[in-house]
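[1] Sequence and predicted structure, then a few things I'm wondering about:
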Amino acid sequence: MSVGKDRTYWMDLNHKGASEIFDLEKELLPFVHDPKGYESEKYDQEIRTTFYRKVNDLIGQEYMDKPAKTLADEVVKALLDGLATNNCNSTLMEVYCTWLDSMIYSKSFKTYLAKYTLDSNVDIWRVDPNHPFRQVDNNWLKQIGNKLANNKLEQGEKSQLIAKLRQRHKSKQAQAVGITFWKDIITLLEFEPKNIAYLNTFSECVDYYKDHFSPLDTAIRNLYTGFLQQDDVLDPFQELYKGYVALFLDKWFMYFDQYQEDQTGILQDIIDSNSGKIAIIVGDGVAYEIAEQVAIKVESLGSDSKLIRKHILADWPSITENNMSHIYISDGTVEPIQSKREKFLTAKNSDTSIDYIRLDEVNDEALTGRVLICTY
C-alpha cells in the first residue's frame, strides 16, 4: 500500500483522516484472512495503529492495543452477529459477500464460522436472508415440517413462507455455504394437485407427469440424498409427497389398460433414421425425471447442441433382461445376456459397423464404427 510514498505523504493523509488512507471494504478481507501476516507485510507501527483505530470505529468499540488475531476475531463476530440480527454494517456485508465469493479467502471463512456460536435466543425468521447459519435453515425445516404434520400451514401463510424461502434459495451466499435444498422444498409446497382430478386418459396422465409431476420426484430424491439420516426433518415432506403420489397413481392405474410400450426395437429405429456417425447412451431403468436432469444440462449448452425431448414407455414387467432385450432386439425376443443382445443388433445391421463400450470407459480414443453404443 505504501510503495512509492514517503513519510510526509502518510502524515498528511493521517491529518486529513483515516478514511482517506484505508478502503476498509478492500483492506478488511485480507486482514481477517491472515491478520498476523497481513499486518507484518503491510504497515509500520504508526500506520498500523491508524488502521486499527479505523477498524474499531467500524465495529463500534473503543480502540485498545491488542493482537491482530484478536481484532480480526472481533470483526468477524460483529459481522456474524449482524447477519444473525439482520442488522449487518454495510461495509461488513460487502466484505462478507466478497469473502464467500473468493477462491483465495473462502476457506478462512469456514474456519471462523465453525468457531462461532449462534445466540440461542435469535429470532430465526428475522435473520438476514444471506446468512451462513445451517442451523437456522434446519430449524426452518423443522418448523415448516411441524406445521405440515399437524395440518396448520394455511394457504395465506404458505404463500408468504414460499416467498421467504424463494428469497433464501436465490441467495448466492446461501449457495456458497451449501444451502441448496430450498428449491426442492418450494417445489413440494407450491405443487397444486387439484388438476389431477381432470385427467381422463392415460395419454393425459403421461403428459401431466412430464409437465407437472416429475419435478416432485426430483425434489424428493434430492431431499432423500441431503437428509438421509435425519428422519425427523424429512418425514413431513415425505408424507406430503406420498399424498400427491397416491392421488396421481389413482388416475394412472384407472387408465392403465391404455398403456402401450414403445421401446421395442428403439435402437434399430435410431440407427435407421441417422445416416451419419452417432453415439447412443443406453441406460437400464433410467427414470424420466433423471433423464430430464440430463436434458436440462444438454439444453444449457445453447447453440452447441440441439435437444429433442421424447419419452419412452417401457415394456413390463420392468426388469433388466426384459426391457434391455426390447431395446436391442426388434422382434421382441427376451435375451438375458447382454453380449448376445449386442450380437443380435450387429447381425441385423451387417452393412453398418457398431462399437460397444461401457459409458465409464469412454475416452479420447477414436473408434472406427459409424455407431457407438455406450451402456451404463
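    Cool, the structure landed.

[2] Tell me which residues touch residue 119, please.
    Neighbour list for residue 119: residue 84 [criterion: C-beta atoms under 8 Å, 6 or more residues apart in numbering]. Where you see a C-beta, it was placed from the backbone N, CA and C, and this is true even at glycine.

[3] quick one: it and residue 247, what's the gap?
    43 Å (C-beta to C-beta, to the nearest Å).

[4] next one: residue 227
    In terms of C-beta to C-beta, residue 227 sits 24 Å off from residue 247.

[5] Kindly report the same for residue 316.
    Distance of residue 316 to residue 247, given as C-beta to C-beta: 22 Å.

[6] Between those two, point out the one with more neighbours.
    residue 247 (15 against 10; other C-beta atoms under 10 Å).

[7] Tell me the confidence at residue 43?
    As predicted, residue 43 sits at a pLDDT of 66.

[8] same question but for residue 10, I mixed them up
    Residue 10 is assigned 50 on the pLDDT scale.

[9] just the one 4 residues further on next, same as before
    Turning to residue 14, the model gives it a pLDDT of 54.

[10] Same question for residue 242.
    pLDDT, read off for residue 242, is 98.

[11] contact partners of the strand or helix carrying it?
    Assigned by DSSP states H and E, residue 242 falls within helix 231-254. Outside helix 231-254, the residues that touch it by C-beta under 8 Å, 6+ apart are 138, 141-142, 144-146, 148-149, 185, 188, 191, 193, 196-197, 199, 202, 205, 208-209, 213, 216, 219-220, 223-224, 227-228.

[12] Mark which of those residues are part of helices, please.
    Mapping the contacts of helix 231-254 onto helices (DSSP state H) picks out 138, 141-142, 144-146, 148-149, 185, 188, 202, 205, 208, 216, 219-220, 223-224.

[13] So which residues of the stretch 251-376 of the chain form strands?
    278-282, 354-358, 371-375 (DSSP state E, counting those that start in this stretch).

[14] Quick check: chain neighbours aside, which residue is closest to residue 281?
    Of all residues not flanking residue 281 in the chain, residue 374 sits nearest, at 4.9 Å (C-beta to C-beta, 6 or more residues apart in numbering).

[15] residue contacts, the one you found?
    Neighbours of residue 374 in contact, by C-beta under 8 Å, 6+ apart: 279, 280, 281, 282, 357, 358, 359, 362.

[16] right, and the fifth one touches residue 372 too?
    Yes - using C-beta atoms under 8 Å, residue 357 and residue 372 qualify as a contacting pair, with a distance of 6.9 Å.

[17] Mind listing what's buried along stretch 245-261?
    245, 248, 251, 252, 255 (16 or more other C-beta atoms under 10 Å).

[18] Report the contact partners of the last one.
    Okay, so that is residue 255. Here residue 255 is in contact with 199, 200, 201, 202, 205 (C-beta under 8 Å, 6+ apart).

[19] The residue nearest to the first one when sequence neighbours are not counted and residue 351, how far apart?
    To tie it back to what came earlier, the one meant is residue 199. Nearest residue to residue 199, sequence neighbours excluded (C-beta to C-beta, 6+ apart): residue 251, at 4.7 Å. Applying C-beta to C-beta, the value for residue 251 to residue 351 is 46 Å.

[20] can you list contacts of stretch 174-183?
    Residues contacting stretch 174-183 (C-beta under 8 Å, 6+ apart): 100-101, 106, 113, 129-132, 134, 137, 165-166, 168-169, 171, 219, 222-223, 226-227.

[21] for stretch 102-116, same thing?
    For stretch 102-116, contacts defined as C-beta under 8 Å, 6+ apart pick out 29-30, 32-34, 73, 76-77, 80, 98-100, 132, 176-177.

[22] Show me the shaky parts of the chain.
    The chain contains residues with pLDDT under 70 at 1-21, 42-43.

[23] which SSE is the residue nearest in space to the middle of the chain in?
    By C-alpha atoms, centre = their mean, the chain has its centre lying nearest to residue 180, at 4.6 Å. Under DSSP H and E, no helix or strand contains residue 180.

[24] Distance from the chain centre to stretch 81-96, please.
    25 Å (C-alpha atoms, centre = their mean, to the nearest Å).

[25] Run through who's touching it.
    Taking C-beta under 8 Å, 6+ apart as the rule, stretch 81-96 contacts 24-25, 28-29, 32, 58-59, 75, 78-79, 118-119, 122, 126-128, 130-133, 173.

[26] how about the CA coordinates for whichever strand or helix holds residue 163, as PDB?
    Taking DSSP H and E as the criterion, residue 163 maps to helix 155-169. C-alpha atoms of helix 155-169 as PDB (Å, rounded to 0.1, in the frame of the first residue of the first chain):
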ATOM      1  CA  GLN A 155     -52.700 -21.000   2.300                       C
ATOM      2  CA  GLY A 156     -52.000 -17.400   3.200                       C
ATOM      3  CA  GLU A 157     -49.100 -18.300   5.500                       C
ATOM      4  CA  LYS A 158     -47.800 -20.800   2.900                       C
ATOM      5  CA  SER A 159     -47.700 -18.100   0.200                       C
ATOM      6  CA  GLN A 160     -45.700 -15.800   2.500                       C
ATOM      7  CA  LEU A 161     -43.500 -18.700   3.500                       C
ATOM      8  CA  ILE A 162     -42.700 -19.600  -0.100                       C
ATOM      9  CA  ALA A 163     -41.800 -16.000  -0.900                       C
ATOM     10  CA  LYS A 164     -39.300 -16.100   2.000                       C
ATOM     11  CA  LEU A 165     -37.900 -19.400   1.000                       C
ATOM     12  CA  ARG A 166     -37.500 -18.300  -2.600                       C
ATOM     13  CA  GLN A 167     -35.500 -15.300  -1.400                       C
ATOM     14  CA  ARG A 168     -33.300 -17.700   0.600                       C
ATOM     15  CA  HIS A 169     -32.900 -20.000  -2.400                       C
END
